[in-house]
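Trainee: Here is the input, now give the coordinates:
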Amino acid sequence: MSLSILNNPASLVAQNELSITSASLQTTLFQLSSGSRINSGADDAAGLAIADGLQANITALTQSARNANDGVGKLQVADGALSQVTSLLNRAITLATESSNGTVSDPQRTAIQAEYSSILAEINRIGSTTTYNGTTIFQNQGDATSATTTLTPTTTLGGIGGFATGTGTGLTTGSALLTSGSPVGETLTVNGNLVYTAGATDTVQNLITAVNSTGQFTATITGGHLVISAIGNTTAPTVAGTLTTDANTAIGTFAGTAGTAKTVTVTSADATRSVTVTDNGGLTVQQLITDIGNANQGFSGELVGGTLVVTDTESTQSPTVAGSATAGGVLGGFSTSTGAAQTAIYLSDSTTAGSSPIDVGIGAISTTSITNGSGGSPVNLSTTSLSTQAAAQSALSSINQAIQNVASTRGTLGAGINRLQSASNVINNQVQNLTTAEDGIRAADIPSTVANLTKFSILEQTGIAALAQANQTQQLVLSLLH
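Mentor: This next block holds a predicted model:
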């Protein structure tokens, strides 16, 4: 073995190994002190990404379980209030039956009417003052629980609007499906050939005629959709062009005389609030939505799945939508329908696919509107009276229908409570399993980590001893100089 003082290879090797051992020992100490196997991205980059994603899922699901429990609490408060309304209505039935009897005198009916008026007043009070978390349950519920009027596009009335292409289920072989409506000047191509350009007053029939005139394709209305088929070909044609669904495209040709101003009017159920939007040509869906909201009358609009939804945020009753822009429906080929007041309980695992609300109809409770949870007509008791025999007999059917409406609403609430409880159970199970999965990725294996601690501690001590020995070897050179 040669001796050298210029370099000390043995010392360099010992230093390098000691550095590696010290880093491993430090990592092991971090794992033991934190209980986590992954303390930085360097420990396990892929594992950290998966574990953090699972943690986000768990956090969102934990809050969703609370949301569901809060929803159950709100629905139970509503159900308890409706139970009292039922008791009051049953007393009203008794009074109406009593007043309907020919043996009751007019002064006695006056006393009966006074009690009946008190019953109606109490129903109004329950409807207006029953709250949950500071929010009135049955009236003025705000955006999340407001009644809406939906405007559903049809292909048989008014203008074409913007079309979107797709291949739907249930279509005949060799067909392509188009849905929604088209603005002026936009085009439609089939298999790359221009077959139609939207005109100022065109209707769906104009488009059908243009497609059929090619002699290569046929266009028909099937199930409310426009279906284009290739003649003598079992392959679906390619339908494209500038006919796309877009909130910023024109609504389409309104019914009525072309070129004249048309209006759309949204009115609250009690007729105290209203907004009118005028279309002088070229009005877009987005402009209509903006104009409805800017009127500051408590209405809002949005596009939901291609459907225009108008909401009254200050009432549990659906607004009406009408005007000169109608032709059997609103907006030149839109038909109206109404939705019940909803309470939306939002459940999520922090992902788009795992997020959705559970909507439960609560309805309205007042003497002017006792709603039906299954969507039937509300009952107005404010016009009923027990002051005469005939009026009392007439009121009986209304009061009985009100009882049925309340029972239906309570059934809807009960179904909602059961659904939310089931959702909560599923969420809790998800949290349990996801926590286990995250723990398997993130948590340190304590027995293995303790073994590593022992190993690296010994290696560090032996490394230091080896380094000392390597440094001492260089001193042998001094003995040659004596």
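Trainee: Nearest residue to Ala219 in space, please, no chain neighbours.
Mentor: Val211 (3.8 Å; CB to CB, 6 or more residues apart in numbering). (Glycine included, C-beta is placed from N, CA and C.)
Trainee: ok, the one you found touching Tyr196?
Mentor: Yes - using CB atoms under 8 Å, Val211 is in contact with Tyr196, at 6.7 Å.
Trainee: Mind listing the shared neighbours of these two?
Mentor: Counting by CB atoms under 8 Å, 6 or more residues apart in numbering, the contacts common to Val211 and Tyr196 are Leu188.
Trainee: and the residue nearest to Ala219, what does it touch?
Mentor: By CB under 8 Å, 6+ apart, the contact set of Val211 is 188, 190, 195-196, 217-219, 228.
Trainee: of those, the lowest pLDDT goes to which?
Mentor: For the contacts of Val211, the weakest pLDDT value sits at Ile228, with 72.
Trainee: how about that one, secondary structure?
Mentor: Three-state call for Ile228 (DSSP: H, G, I helix; E, B strand; the rest coil): strand.
Trainee: Bridge partners for it, pull those for me.
Mentor: Ala176, Ala219 (DSSP bridges).
Trainee: Going forward, the N-terminal residue is numbered 25.
Mentor: In the new count, where the first residue is 25, that last one comes out as Ile252.
Trainee: Tell me, how many residues neighbour it?
Mentor: 26 (other CB atoms under 10 Å).
Trainee: Looks like it contacts Thr242 (just checking).
Mentor: Yes - using CB under 8 Å, Ile252 is in contact with Thr242, at 7.3 Å.
Trainee: immediately after the helix or strand containing Ile369, which helix or strand?
Mentor: Using DSSP states H and E, Ile369 maps to strand 366-371. For strand 366-371, the succeeding helix or strand toward the C-terminus, using DSSP H and E, is strand 380-385.
Trainee: Give me the average confidence score over that following strand.
Mentor: For strand 380-385, mean pLDDT rounds to 80.
Trainee: Return the list of helices and strands in contact with that strand.
Mentor: Where contact means 3 or more CB pairs under 8 Å, 6 or more residues apart in numbering; DSSP states H and E, strand 380-385 is packed against helix 69-124, strand 366-371, helix 413-466.
Trainee: Now find how far off-centre the shortest one is within its chain.
Mentor: Spelled out, that is strand 366-371. 8 Å (CA atoms, centre = their mean, to the nearest Å).
Trainee: returning to that earlier point: give me the contact list for the strand holding Ile369.
Mentor: Under the criterion CB under 8 Å, 6+ apart, residues 88, 91-92, 94-95, 98-99, 165, 168-170, 379-386, 440, 444, 447, 451 lie in contact with strand 366-371.
Trainee: For ChimeraX, what selects the buried ones among these?
Mentor: A single ChimeraX command selects the buried members of those (16 or more other CB atoms under 10 Å):
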select :88,91,92,95,98,99,165,169,170,382,384,385,386,440,444,447,451
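Trainee: dump the residue contacts of Asp315.
Mentor: Each residue near Asp315 by CB under 8 Å, 6+ apart is listed here: 299, 301.
Trainee: if I look at it, how far off is Phe323?
Mentor: Distance, Asp315 to Phe323, by CB to CB, to the nearest Å: 10 Å.
Trainee: overlap in contacts of the two?
Mentor: Residues touching both Asp315 and Phe323 (CB under 8 Å, 6+ apart): Val299.
Trainee: How is this protein divided into domains?
Mentor: Here the domain parsing of the chain from automatic domain parsing is 74-165+383-461, 171-179+276-364, 187-265.
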